[in-house]
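Student: pasting the sequence and the predicted coordinates here, then a few questions.
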Amino acid sequence: MRQLTLATAFLLGIATQAFAQATPIDVKKTNGCGCCLAWMEHLEENGFAPSGEDMFASLLVRFKLDNGVPQRMVSCHTALIDGYVIEGHVPADDIRRLLSDRPDAVGLAVPGMPLGSPGMDQSRWRVAYDVFLLKNDGSTEVFSSYPGN
């Protein structure tokens, strides 16, 4: 019994430590969007602690524009993390790199909903897509690229 108690305490300690280290990210989305929820699961599996807030579509669009997301970069959800905006199905590794490199920028975006990106990976098919760095002057540059198959 003592071994079981020690094992349980050890596992609880690991779980508590993992939870304490998870980086919070605030996700704005529309109600019932399955790919938004799937992207949030991807974040959770990769060390983030997403919290979601449902917004009416028109308010979500206004939120995106007010936070520096160019119209040509819009996707279905927008997140805020540590002073940056994350638009669309951005992989967790790119968010981690953004937070590590700390560029002077608005954030990252994956425009549209590319098949095979996190949250849009429901089949074996994927299209090539880019993650863009959103610059403060409204311009963009490729931050990373992902191949299709």
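Tutor: Good, I have the coordinates.
Student: list the residues that contact S117.
Tutor: Under the criterion of Cβ atoms under 8 Å, 6 or more residues apart in numbering, the contact list for S117 reads G88, H89, P91, V110, R126, Y129, Y146. C-beta coordinates here come from the backbone N, C-alpha and C atoms, glycine included.
Student: from these, which two are the most distant?
Tutor: Pairwise distances among the contacts of S117 were taken by Cβ to Cβ; the largest, 14.9 Å, belongs to G88 and R126.
Student: which of those two has more neighbours?
Tutor: In this view G88 and R126 are compared by other Cβ atoms under 10 Å, and G88 has more residues nearby, 30 against 16.
Student: that one bridge partners, please.
Tutor: Under DSSP bridges, the beta-bridge partners of G88 are V110.
Student: can you get me a residue count around the closest residue to M73 other than its chain neighbours?
Tutor: Of all residues beyond its chain neighbours, the one nearest M73 is A109 (4.0 Å), with distances taken as Cβ to Cβ, 6 or more residues apart in numbering. Residues lying near A109 (other Cβ under 10 Å) number 28.
Student: looks like A109 contacts D94 (just checking).
Tutor: No - A109 is beyond contact range of D94, at 10.3 Å (criterion: Cβ atoms under 8 Å).
Student: find residues that contact each of the two.
Tutor: V131.
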